[in-house]
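> Sequence and predicted structure below; questions after.
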Amino acid sequence: MNEPTVSVVMITYDHENFIEKAIQGVLMQECDFDIELIIANDNSPDHTDRIIHKIIGIHSNACRIRYTKHEKNIGMMANFIFALEQSQGSYVALCEGDDYWTDPLKLQKQVDFLEKNNDYSMCVHNTSILSNNEIRDKDWRWDKTRDVFSINDYIYSLFFHTSSVVFKRVEIPEYFSNPSILQGDMALFLVAINTKKILFINEMMSVYRMHEGGITNSKDNKSNLKSYQSLLFIYENFNVYSKFQFNAIVMLKIKMIKSILFLNDESKSGFIKGFVKSYYYFNKIIMRSLVHFKK
């Protein structure tokens, strides 16, 4: 088998009810290039491991599957970094173990575009949402008149889901492994986008599964304090990493995050919080204007 063009990174924990569909979405891809599937299981206590081994046994010739089950739980972020570091392809695609792809030509469409357009580092698409056994389509773009975006757009609005992403492989910066980071995909996407552009394909090609066991709904992510402190750390370090090329919009984002942290501090008086809330929306308006100006 040739060196893979795309490395599909899939982290999983307690996904016995979902992992088969996630893997099948990768195995059904119709490509004129080689792909590898990297599955990193963070020592799931359920039957995820058994299901993965069964699938590998049946589909051992479908694509290169590299599977690791950690002997002990190392945590979501550490598992994500581990899986990324195994990737060998020129491009990386992400699909967590509880999400799944629905279009067999997804990777072909995205890689074809990136191969022909060197000024783009990432290609994304629309993603349906599965919640309470119902699927609904969602147009994730904050500006639905465009299909070309930049890092300014991403900082202003998270306008795509992780399962839609294909990006040119990048070196992971040192700050990325800090245990205070909860939003590892966001930190990675900032680095991957950097000075280049993003193409948004207006097609539903994956499904984001919302459920209580999902990473987005995890206890840590629901903690405002930890979540926003993590975001603050990410943006402050990205500003240094990018040599302050996007300082204006990053600083506006940092001001907004600090405002939210202040508003969530129960020790602060309601009178002062009123001013801080106005300050938050003032910065948001400035940021939106700046993004429009730079588009």
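Cool, got the structure. Numbers count the residues shown, from 1 in each chain.

> So, low pLDDT: which residues of the protein?
When residues are selected by pLDDT under 70, those of the chain lie in 1, 62, 211-223.

> residue ranges for the helices of it, please.
19-27, 48-58, 76-86, 106-116, 151-156, 184-193, 219-222, 224-241, 247-263, 270-294 (DSSP state H).

> Any buried residues in the third one, and which?
The one in question is helix 76-86. Buried residues in helix 76-86, counted by 16 or more other CB atoms under 10 Å: 76-84. Bear in mind the C-beta positions are built from the backbone N, C-alpha and C, glycine included.

> and that helix, what does it pack onto?
Applying 3 or more CB pairs under 8 Å, 6 or more residues apart in numbering; DSSP states H and E, one finds that helix 76-86 contacts strand 6-12, strand 35-41, strand 64-69, helix 184-193.

> Can you lay out these as JSON lines showing mean neighbour count?
Formatted as JSON lines, the helices and strands packed on helix 76-86 follow (neighbours: other CB atoms under 10 Å):
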{"stretch": "strand 6-12", "mean neighbour count": "26"}
{"stretch": "strand 35-41", "mean neighbour count": "24"}
{"stretch": "strand 64-69", "mean neighbour count": "16"}
{"stretch": "helix 184-193", "mean neighbour count": "22"}
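
> Of all the ones you listed, which one is nearest Ile55?
Ile55 lies closest to strand 64-69 among these, at 8.2 Å (CB to CB).

> Pairing partners for that closest one, with directions?
Neighbouring strands of strand 64-69 in its sheet, by DSSP bridges, are strand 35-41 (parallel).

> And the partner strand, how far out from the chain middle?
16 Å (CA atoms, centre = their mean, to the nearest Å).

> Report the angle between it and strand 6-12.
Between strand 35-41 and strand 6-12, the angle comes out at 20 degrees (axes from the mean of the first three to the mean of the last three CA atoms, to 10 degrees).

> Can you tell me what sits against strand 35-41?
With contact meaning CB atoms under 8 Å, 6 or more residues apart in numbering, strand 35-41 is reached by 4-13, 23, 26-27, 29, 48-49, 52, 63-70, 79-80, 82-83, 86-89, 97, 107.

> In this structure Thr5 contacts Val111, no?
Yes: counting by CB atoms under 8 Å, Thr5 touches Val111, with 6.4 Å between them.

> okay, the two: which has more neighbours?
Each of Thr5 and Val111 has its neighbours counted (other CB atoms under 10 Å); Val111 has more, 22 against 18.

> quick revisit: I'd like the helices of the chain laid out as CSV, including distance to Thr145.
Compiled in CSV, the helices of the chain are given as follows (distance: least, CB to CB, whole Å):
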stretch, distance to Thr145
helix 19-27, 30
helix 48-58, 42
helix 76-86, 33
helix 106-116, 20
helix 151-156, 12
helix 184-193, 20
helix 219-222, 31
helix 224-241, 27
helix 247-263, 20
helix 270-294, 11
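
> so which of these gets nearest Trp140?
Between the helices of the chain, helix 151-156 lies closest to Trp140; by CB to CB that is 11.3 Å.

> start to end distance for stretch 176-193?
Here the two ends of stretch 176-193 are set 15 Å apart, with distance taken as CA to CA, to the nearest Å.

> same thing with stretch 153-168?
19 Å.

> Now that stretch: buried residues?
Under the neighbour-count criterion of 16+ other CB under 10 Å, stretch 153-168 has 153-157, 159-168 buried.

> Show me the domain layout of the chain.
Annotated domains of the chain cover 6-218, 221-294 [automatic domain parsing].
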